[in-house]
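> what follows is a predicted protein model with its sequence.
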Amino acid sequence: MADIYMSYASDDSVIAGTLRKGLERYGYSTWMYNRDLLPGLNYREQIEEAIDSCSVFLLIISTSSSRHPQVAAEVLRASENGKHFLPLLYGLTYGQFCVEGAELRAALGDVTAITLTDEGVETTLPRLLDALKRFGFSRGEEVAERQAEVRAHGQLAKEHGFDVFISYRRDSDSQTARLLRAELQQRCLRVFLDVDDLRSGHFDEALLERIRESRNFLVILSQDSLDRCSSPEDWLRREVACALAENKNVVPIMMPDFAFPAEDKLPDDLRFLRLHNGVPYSHYFFAAMMDKIMTYLDLAETSS
């Protein structure tokens, strides 16, 4: 299971997600209820199992969480199991916490809390990492090795092409494209994203050449993203058509609001797109979605 269980109120899910990304960037695995709960199973049992199996219990203490009975139950469970606590004060002073969260304060004992602000996640991370090291948990060597692998694969991409080309609508799906790129790079794949990786030369020719150099072609499909493909000059159409014509391994990533238009509404050079197995995009089950994407990629001859 995960190194760190993250306990927080739903009102604080954004800051919790930011912390998660920071911790996972340094090699720590985390468990979050809004991402890792599995449907069809008892959610209380899943939470208890995650707490019991984690090494560190990270608690975001806010006005919402200090009054939340579920958070209190999680803290009590962690205390009974002797977990290492990492409490973070978010939007509360210590004095306010003592008044508003008396039950949590009693369960935490004398553990010192770290103050956290929206702007201070990056400056707070070093203190969290130091605390984790004091608990005997360090992922520094693993992260250094992973970063070295990513740098090496980046150099290989410049010399030998890319494992994955990501195609997307710039006006609606750029953040999703960057997130997918970052996650695939963490898995040491060579990923092309136009805004970061397009080298000098004529834009049209260079972009299509990168598709030809890539083994896999991921295309993010969101609501109405194919509607503009009726124009031969539409860039999403040109990218997808090039990938299909070059027999690339095409993997559609289908956003929750996406639906394929009727077959007769797609241009002839895109009509085979419907035949490719796609992966539904999921924010809540992101890790499982990425694992599924990996199974669809053709990586048999990837350089290392």
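Sure thing, it's come through. Because the structure is predicted, anything quoted here is derived from the model rather than measured. Numbering: from 1, shown residues only.
> every contact and neighbour count from this point should use C-alpha atoms.
Fine.
> secondary structure class for F165?
strand (DSSP: H, G, I helix; E, B strand; the rest coil).
> tell me, how many residues neighbour it?
F165 has 27 neighbouring residues, counting by other Cα atoms under 10 Å.
> do the same with Q175
Neighbour tally, Q175, other Cα under 10 Å: 12.
> what's the helix or strand harbouring R210 packed up against?
Per DSSP states H and E: R210 is located in helix 203-213. Other helices and strands packing on helix 203-213, by 3 or more Cα pairs under 8 Å, 6 or more residues apart in numbering; DSSP states H and E, are helix 235-245.
> hang on, the earlier thing: alpha carbons only: can I get the helix holding R210 in CSV?
Coordinates of each C-alpha in helix 203-213 appear next as CSV, following Å, rounded to 0.1, in the frame of the first residue of the first chain:
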residue,chain,number,x,y,z
PHE,A,203,6.1,24.4,-38.1
ASP,A,204,3.9,22.3,-40.5
GLU,A,205,6.7,20.0,-41.6
ALA,A,206,8.3,19.7,-38.2
LEU,A,207,5.1,18.7,-36.4
LEU,A,208,4.2,16.0,-38.9
GLU,A,209,7.7,14.7,-38.9
ARG,A,210,7.6,14.3,-35.1
ILE,A,211,4.4,12.1,-35.6
ARG,A,212,6.3,10.0,-38.1
GLU,A,213,9.2,9.6,-35.6
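> tell me which helix or strand comes right after it.
Past helix 203-213, the next helix or strand by DSSP H and E is strand 216-221.
> that following strand to helix 235-245, inter-axis angle?
Strand 216-221 runs at 140 degrees relative to helix 235-245, counting by axes from the mean of the first three to the mean of the last three Cα atoms, to 10 degrees.
> picking up where we left off before, what are the buried residues along the helix holding R210?
L207, R210, I211, R212, E213 (16 or more other Cα atoms under 10 Å).
> can you check stretch 81-88 too?
K83, H84, F85, L86, P87, L88.
> where's the dip in pLDDT among the buried residues of helix 203-213?
Lowest in pLDDT among the buried residues of helix 203-213 is L207, which has 85.
> so that one sits against L193, correct?
No. Using Cα atoms under 8 Å, L207 is not in contact with L193, being 9.8 Å away.
> quick one: contacts of the helix or strand hosting F85?
Under the criterion of DSSP H and E, F85 resides in strand 84-90. Residues outside strand 84-90 that contact it (Cα atoms under 8 Å, 6 or more residues apart in numbering) are 55-62, 108, 111-117, 128, 131, 135.
> apply 6 Å and report the result again.
The contact list for strand 84-90, computed with Cα atoms under 6 Å, 6 or more residues apart in numbering, reads V56, F57, L58, L59, I60, I61, S62, A113, I114, T115, L116.
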